[in-house]
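[1] what shape does this take:
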Amino acid sequence: MTNSATAPEVRTEPNAHAGVTVGLDVGTSGLKAVATTPDGNVITEASAGYPLDTPRPGWTEQHPEAWWRAAAEALATLVAEVGADRIAALGVSGQMHGMVPLDDGDRPIRPALLWNDQRTGVQVRAIEAAVSRTELVRRTGNPAVTGFQLPKVLWLRDEEPEAFARVRTILFPKDWIALRLTGARGTEPTDATGSGAWSLADRDWDRDLLGRLDLDPALFPVAAASDAIVGEVTRAAADATGLRPGTPVVAGAGDNAAAATALGLGRAAPGIGSISLGTSGVLFAPVAEPVPDPLGRVHLFAHADGTWTLLGVTLAAAGSLAWWARRAGVADEGIGAAVARALGRPVGAGGVTFLPYLAGERSPFLDPDLRGGFHGLSLATTDEDLTRAVLEGVVFSLRDVWRVMEPLGTPERLLATGGGARGDGWLKLAADALQVPIGVPRAIPGAAHGAAALAWRALGTEVPAPTVDRWIEPTEHPALDEAYARFRSLAPALGPDDG
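    Below you'll find the predicted structure:
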């Protein structure tokens with residue numbers, strides 16, 4: 001991957017004796033590496049952590065060198081167990097939307113700004129002054145969002161001009177790891193469509209948009225297909241990680257697309273999406289054509305198989321539950337029992353409603369200043385009512401997302417992933433709120449597994465989707481609809497026609 005006019009694809013014959021591919025996931029709290037066989041079984045895995053820096057309220061940063069040290073550590077551990085000669089290829093995944101600014105020697109100029117960084121409100125307004133929100137959504141599939149990469153580039157130019165003057169390339173987090181492994185700069189469509197500067201029509205960087213913002217398109221790398229082999233492990237990277245020099249490296253995908261790939265979602269499984277009740281709550285809906293919500297209330301991104309996805313995010317799902325557990329004095333190991341007690345309470349949480357906007361909100365409001373809270377408290381309110389209100393508030397927020405997605409195409413079924421998939425109670429509540437069956441896979445793969453699957457795809461092997469252990473069927477609850485109506489009366493309107 002280079003900054004040339006077309007993206008070269010390096011073709012390398014896989015090692016005849018190799019039996020695994022490796023997937024890396026550059027997460028927010030740490031990096032994970034997995035080694036998988038062609039049938040998707042995990043042979044071994046390793047991980048390494050790094051800190052999250054918050055130099056000011058609303059700012060989140062990490063140094064790319066910390067990611068690379070973690071990658072080298074995790075890979076060395078994994079290679080020691082698997083053996084370098086067994087590794088046929090390696091794929092990368094990671095947190096989306098981050099900005100990694102590099103100088104002419106491919107060195108990071110400053111710490112990376114992350115997906116959840118909220119400092120770019122001024123730059124978002126500048127983008128919408130140059131291009132109306134309606135036009136921006138039509139061109140790129142999304143409005144300007146504080147967490148996206150494009151506003152971060154403008155922030156760097158506005159606030160740190162001396163640093164910006166040294167920038168020669170802007171990468172996403174996973175692509176920095178690919179650069180360190182191969183020496184080649186590049187990206188792929190799932191991350192590129194999350195930048196805010198990718199043209200749906202041209203399937204390339206939007207040169208007209210960048211021109212209106214006085215940004216040089218050459219700052220942004222050429223994108224290869226997600227399953228393209230884009231380089232080989234260099235001698236320097238091999239020395240740092242234990243990998244075999246010449247091991248093929250595959251472009252990979254952003255974390256949501258990679259996790260969906262691991263679940264088998266996309267062209268091969270029409271009508272199936274996913275739901276995650278992790279720190280954030282995510283609804284993922286594969287679609288055949290790139291048709292965005294006209295108001296930009298849910299995201300439209302490329303998928304790793306060449307199709308498209310609608311993505312809706314509520315920023316504080318399990319994050320809301322963890323926040324409330326700390327306030328209620330519930331230890332981490334006691335959260336499961338607290339949830340079980342709360343779900344034993346009647347639907348409607350004793351009249352209490354919780355708005356889960358503890359970190360602002362992404363979908364469908366795109367408002368970093370939105371705030372949450374409890375409503376309807378009384379002397380009769382119990383801790384169990386409050387816990388249930390949190391659980392209901394999160395799924396009601398996802399129901400808002402679902403309603404926005406419906407005109408564009410919603411799945412007939414969902415597969416569960418994320419922390420909430422480890423217990424049926426919250427998933428049952430989500431199934432009832434959305435009125436859609438939710439399947440629980442026997443093994444719950446993540447983004448690293450998807451990166452490994454893309455590496456297998458690059459070698460001509462399609463990894464099968466995980467087996468679904470059970471389906472949770474929805475039940476109609478008039479009381480739940482009444483509770484959602486209360487939620488709607490307190491939450492912002494979904495759009496101009498929302499009564």
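
[2] quick one: the helices in the stretch 351-499 of the chain, in order.
    Listed in chain order, the helices of the stretch 351-499 of the chain (DSSP state H, counting those that start in this stretch) span 383-405, 424-434, 447-458, 478-490.

[3] quick check: buried residues in the second one?
    Neighbour-count burial for helix 424-434 flags 424-434 (criterion: 16 or more other CB atoms under 10 Å). Heads up, the C-betas are built off the backbone N, CA and C, glycines and all.

[4] show me the shaky parts of this structure.
    Filtered on pLDDT under 70, the chain yields the residue ranges 1-18, 419-422, 499.

[5] now with 50?
    Applying pLDDT under 50 to the chain flags residues 1-17.

[6] need the residue closest to the centroid of it.
    Asn256 (3.9 Å; CA atoms, centre = their mean).

[7] ok but it is inside a strand, no?
    No - under DSSP: H, G, I helix; E, B strand; the rest coil, Asn256 sits outside any strand and is assigned helix.

[8] residue contacts, it?
    Neighbour list for Asn256: 96, 190, 282, 284, 301, 309, 311, 447 [criterion: CB atoms under 8 Å, 6 or more residues apart in numbering].

[9] correct me if wrong: the second one contacts Phe301.
    Yes - counting by CB atoms under 8 Å, Thr190 does reach Phe301; the two are 6.0 Å apart.

[10] so which of the two has more stuff around it?
    Thr190 (29 against 24; other CB atoms under 10 Å).

[11] and that one, how far is that from Val92?
    11 Å (CB to CB, to the nearest Å).

[12] all helices of the stretch 51-200 of the chain, in order?
    Counting by DSSP H, counting those that start in this stretch, the helices of the stretch 51-200 of the chain are 64-82, 121-130, 133-140, 149-159, 161-165, 173-182, 189-192.

[13] so which of these gets nearest Asp305?
    Ranking the helices of the stretch 51-200 of the chain by their distance to Asp305 (criterion: CB to CB) puts helix 189-192 first, at 9.9 Å.

[14] may I see the buried residues of that closest one?
    Neighbour count says helix 189-192 has 189-192 buried, by 16+ other CB under 10 Å.

[15] what is that helix packed up against?
    If you count contacts as 3 or more CB pairs under 8 Å, 6 or more residues apart in numbering; DSSP states H and E, helix 189-192 packs onto strand 248-254, helix 255-262, strand 299-302.

[16] rerun at 10 Å
    strand 87-94, helix 173-182, strand 198-199, strand 204-205, strand 248-254, helix 255-262, strand 299-302 (3 or more CB pairs under 10 Å, 6 or more residues apart in numbering; DSSP states H and E).

[17] need the CA coordinates for stretch 443-452. PDB is fine.
    C-alpha atoms of stretch 443-452 as PDB (Å, rounded to 0.1, in the frame of the first residue of the first chain):
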ATOM      1  CA  ALA A 443     -18.400 -19.100  20.400                       C
ATOM      2  CA  ILE A 444     -18.500 -15.300  20.300                       C
ATOM      3  CA  PRO A 445     -15.800 -14.100  17.900                       C
ATOM      4  CA  GLY A 446     -14.400 -10.600  17.800                       C
ATOM      5  CA  ALA A 447     -12.500  -8.300  15.500                       C
ATOM      6  CA  ALA A 448      -9.300 -10.200  15.700                       C
ATOM      7  CA  HIS A 449     -11.000 -13.300  14.500                       C
ATOM      8  CA  GLY A 450     -12.500 -11.400  11.600                       C
ATOM      9  CA  ALA A 451      -9.000 -10.100  10.700                       C
ATOM     10  CA  ALA A 452      -7.800 -13.700  10.700                       C
END
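
[18] next, the buried residues of it.
    Buried residues in stretch 443-452 (16+ other CB under 10 Å): 444-452.

[19] which pair in those residues has the greatest spatial separation?
    Ile444 and Ala451 (15.7 Å).

[20] ranges for the strands of the stretch 301-450 of the chain?
    308-314, 353-355, 373-375, 413-417, 438-441 (DSSP state E, counting those that start in this stretch).

[21] how does this protein divide into domains?
    Domains of the chain are assigned by automatic domain parsing as 20-257, 264-444+463-493.

[22] kindly check the end-to-end length of the shortest one for me.
    Put plainly, it is domain 264-444+463-493. Start and end residues of domain 264-444+463-493 are separated by 34 Å (CA to CA, to the nearest Å).

[23] got it, and the longest one?
    Distance across domain 20-257, first residue to last, is 21 Å (CA to CA).

[24] hang on, the earlier thing: I'd like the buried residues of helix 189-192 as TSV, with distance to Pro466 appended.
    Formatted as TSV, the buried residues of helix 189-192 follow (distance: CB to CB, whole Å):
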residue	distance to Pro466
Pro189	24
Thr190	20
Asp191	24
Ala192	28
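
[25] related to what we said a few turns ago, can I get the strands of the stretch 301-450 of the chain in CSV including mean neighbour count and distance to Arg157?
    Formatted as CSV, the strands of the stretch 301-450 of the chain follow (neighbours: other CB atoms under 10 Å; distance: least, CB to CB, whole Å):
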stretch, mean neighbour count, distance to Arg157
strand 308-314, 25, 27
strand 353-355, 24, 36
strand 373-375, 15, 37
strand 413-417, 24, 37
strand 438-441, 21, 44
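
[26] so which of those strands gets nearest Glu81?
    Taking the strands of the stretch 301-450 of the chain one by one with CB to CB, strand 438-441 is closest: 24.8 Å.

[27] tell me how many other residues crowd the residue nearest to Val137 when sequence neighbours are not counted.
    Leaving aside its chain neighbours, Val137 sits nearest to Gly296 (4.2 Å; criterion: CB to CB, 6 or more residues apart in numbering). Using other CB under 10 Å, Gly296 has 23 other residues around it.

[28] Gly296 sits in which helix or strand?
    Under the criterion DSSP states H and E, no helix or strand holds Gly296.

[29] list the contacts of it.
    Residues counted as contacts of Gly296 (CB atoms under 10 Å, 6 or more residues apart in numbering) are 133-134, 136-138, 140-145, 363-364, 366, 404.

[30] please, a PyMOL command that selects the buried ones among those residues?
    Command for PyMOL that selects the buried part of the contacts of Gly296, burial taken from 16+ other CB under 10 Å:
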select buried, resi 133+136+137+140+141+142+143+144+145+363+364+366+404
